[in-house]
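Trainee: missing the sequence, but the structure's below:
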């Protein structure tokens, strides 16, 4: 072939692109800490130059709230497709879903826009998104029991502050990052922060710590705690006929604010004496972090006391109890693998 300046241009047949890259997609993105599966899928689609709504077809799914549905149930064929094309293990894919989260009854429901005081399916903290190298949505933002950001001490949002639309990255038809509103294009990182009272933030943090602790011990699903949390609006006397998951973030914050002036008996009373004790301890300390700090201080004071020659019956050391508590809060997988090693030994 000859070009305009008289030079010849050789054209040859090369390997097909799909044969060169095998089954892997061109760009792979790493999951972030506590990232929601749908958030990772949106980032994966964007990195490979496909809008989220079209990416549903790549996975063999229908449009609608397709990615949000994957958070609740990840079909095996979709999981294997993602594993094949990204190399991400099935275990990691499953960990980003909500299958191992607290009871599904505490998750915000998948629903279309409703009234101003009704819930949407996902919340966010604008400061967290602004600090992320690649903005992503957290798994904990799906919980109706969460109303504030523990890191920044501000309220969570569940709507675009510009057009009041829900977060709907799954419906995006343009190649735009997921932290931009689908309806109006507003950058959610720019959203102003809303103040939450210290008392309401403290209650929010304590409830979250209690739920995580009992979820990891396996007692949350069998206790009455989830049902009490769902009836929290009635307990607060704000929305007596509405359950927690039906309310917007601002409405739920109002419930939390009202409850800060009332005794916490509704939360601590339980047939399980151990569970009731831990709940009271976490509430008194303001969360499991401060509780561990208090126990550590008590341990340090004990070490500084003069030693005696009195021999005592061997008991479990406080440091061992603290270590066990921390490991329990870290997650079940590490403990299960450690237990398997001990069994094999």
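Mentor: On my side now, so go ahead. Just so it is clear, the structure is predicted and the values come from calculations on it, not from any experiment.
Trainee: which stretches of the stretch 51-200 of the chain form strands?
Mentor: Counting by DSSP state E, counting those that start in this stretch, no segments of the stretch 51-200 of the chain form strands.
Trainee: remind me which residues of it are low pLDDT?
Mentor: Scanning the stretch 51-200 of the chain with the threshold set as pLDDT under 70 gives 102, 112-114, 116.
Trainee: tell me the centre residue of this protein?
Mentor: Nearest to the geometric centre of the chain sits residue 139, at 1.8 Å (Cα atoms, centre = their mean).
Trainee: doesn't residue 36 make contact with it?
Mentor: Yes - with contact defined as Cβ atoms under 8 Å, residue 139 counts as touching residue 36 (5.0 Å). Placement of C-beta: from N, CA and C, glycine included.
Trainee: and for those two, which residues touch both?
Mentor: Common contacts of residue 139 and residue 36, defined by Cβ atoms under 8 Å, 6 or more residues apart in numbering, comprise 96, 98.
Trainee: that older thread, what's near enough to touch the residue nearest to the centre of the chain?
Mentor: Neighbouring residues of residue 139 by Cβ under 8 Å, 6+ apart: 34, 35, 36, 96, 98, 101.
Trainee: switch to 7 Å and redo it
Mentor: Contact partners of residue 139, counting by Cβ atoms under 7 Å, 6 or more residues apart in numbering, are 34, 36, 98, 101.
Trainee: Neighbours of the second one, how many?
Mentor: So the one you mean is residue 36. Other residues within reach of residue 36 by the criterion other Cβ atoms under 10 Å amount to 25.
Trainee: ok, now the first one?
Mentor: Residue 34 has 14 neighbours, counted by other Cβ under 10 Å.
Trainee: Report the spatially nearest residue to it, omitting neighbours in sequence.
Mentor: Ranked by Cβ to Cβ, 6 or more residues apart in numbering and with sequence neighbours excluded, the top spatial neighbour of residue 34 is residue 138, at 4.7 Å.
Trainee: For that neighbour, list each beta-bridge partner.
Mentor: When bridges are called by DSSP bridges, residue 138 pairs up with residue 35.
Trainee: residues contacting it?
Mentor: Residue 138 sits next to 34, 35, 36 when contact means Cβ under 7 Å, 6+ apart.
Trainee: Also residue 140?
Mentor: When contacts are counted by Cβ under 7 Å, 6+ apart, residue 140 touches 34, 146.
Trainee: ditto for residue 157
Mentor: 123, 124, 126, 191, 249.
Trainee: try 6 Å
Mentor: With contact taken as Cβ atoms under 6 Å, 6 or more residues apart in numbering, residue 157 is in contact with residue 124.
Trainee: again with residue 255
Mentor: Counting by Cβ under 6 Å, 6+ apart, residue 255 touches 232, 233, 236, 238.
Trainee: excluding its backbone neighbours, what's nearest the second one?
Mentor: Which is residue 233. The spatial neighbour of residue 233 that comes closest, neighbours along the chain excluded (Cβ to Cβ, 6+ apart), is residue 239 at 3.8 Å.
Trainee: what pLDDT does that neighbour get?
Mentor: We have a pLDDT of 92 for residue 239.
Trainee: Tell me, how many residues neighbour it?
Mentor: 18.
Trainee: same check, this time on the one 5 residues further on
Mentor: When neighbours are defined as other Cβ under 10 Å, residue 244 has 27 of them.
Trainee: correct me, but it touches residue 234?
Mentor: No - under the contact definition of Cβ atoms under 6 Å, residue 244 does not touch residue 234, with a separation of 9.4 Å.
Trainee: Next, show the common contact partners of these two.
Mentor: Common contacts of residue 244 and residue 234, defined by Cβ under 6 Å, 6+ apart, are absent altogether.
Trainee: hang on, the earlier thing: and the residue nearest to residue 233, what element?
Mentor: Secondary structure from DSSP states H and E places residue 239 outside every helix and strand.
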